[in-house]
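Chemist: here is my input, please return the structure:
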Amino acid sequence: MPILSSNTVEFISHSPEQTRRLGLRLGSLLNVGDLLCLSGEMGAGKTTFVQGLAQGWGSVDGVSSPTYVIVNNYRNPVGVVLHHLDCYRLLSSAEAWDLDLEMMQEQGAMVVEWPDKIRDVLPADNIWVEINWVDEEKRKFMFHATGKHYEDLLTTFRRSAFGG
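Modeler: Modelled structure (predicted):
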């Protein structure tokens, strides 16, 4: 019997470059309306992973943590936006709701850092990525898909990134 369910993928990244490549693989599969939730402590590698996501999305914009501006937007060549939301400084879910999350998801894909802070206003269906610090270079990634669309997306990602 498998230890992980079919809608879960575990991966150990051994370097920031490998973390970016992992993000690139997933970013290349994202479509308008997709939601990724990135959970992990400060310094776990969330922004490094988003750098790869944005590159895979097709954006050439520089990626930085939106901790102080709350939302950064990265456009791909056809002008569709990857919204990068950082909830660390938000005091309540109501503040996130005021950002018009539905509109962001309708206009592009959305990646949310510190999603636990606003879980009650996020759609239940998503890919939740837990990133944990292992050592100076290594990070452990747990991808968990909820909902048929995201289970299919995770299956495609697994094949693309790991061949299985």
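Chemist: for the least confident helix or strand in the chain by mean pLDDT, packing partners?
Modeler: Among the helices and strands of the chain, helix 93-97 carries the lowest confidence by mean pLDDT, DSSP states H and E, at a mean of 82. In this structure, helix 93-97 packs against no helix or strand, with contacts taken as 3 or more CB pairs under 8 Å, 6 or more residues apart in numbering; DSSP states H and E. Backbone N, C-alpha and C define where each C-beta goes, glycine included.
Chemist: what are the contacting residues of the very next helix or strand once past it?
Modeler: Scanning the chain past helix 93-97 towards its C-terminal end, the next helix or strand to appear is helix 101-107 (assignment: DSSP states H and E). Judged by CB atoms under 8 Å, 6 or more residues apart in numbering, the contacts made with helix 101-107 from elsewhere in the structure are V32, G33, L35, V71, V80, V81, H83, L85, M110, V121, L122, P123.
Chemist: among those, which are in strands?
Modeler: Counting by DSSP state E, the part of the contacts of helix 101-107 found in strands is L35, V71, V81, H83, L85, M110.
Chemist: now those residues as JSON lines including distance to N132, neighbour count and pLDDT?
Modeler: Below are these laid out as JSON lines (distance: CB to CB, whole Å; neighbours: other CB atoms under 10 Å; pLDDT from 0 to 100):
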{"residue": "L35", "distance to N132": "21", "neighbour count": "25", "pLDDT": "97"}
{"residue": "V71", "distance to N132": "25", "neighbour count": "17", "pLDDT": "88"}
{"residue": "V81", "distance to N132": "29", "neighbour count": "19", "pLDDT": "94"}
{"residue": "H83", "distance to N132": "25", "neighbour count": "21", "pLDDT": "94"}
{"residue": "L85", "distance to N132": "21", "neighbour count": "24", "pLDDT": "91"}
{"residue": "M110", "distance to N132": "22", "neighbour count": "25", "pLDDT": "95"}
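Chemist: many thanks, I have nothing further to ask.
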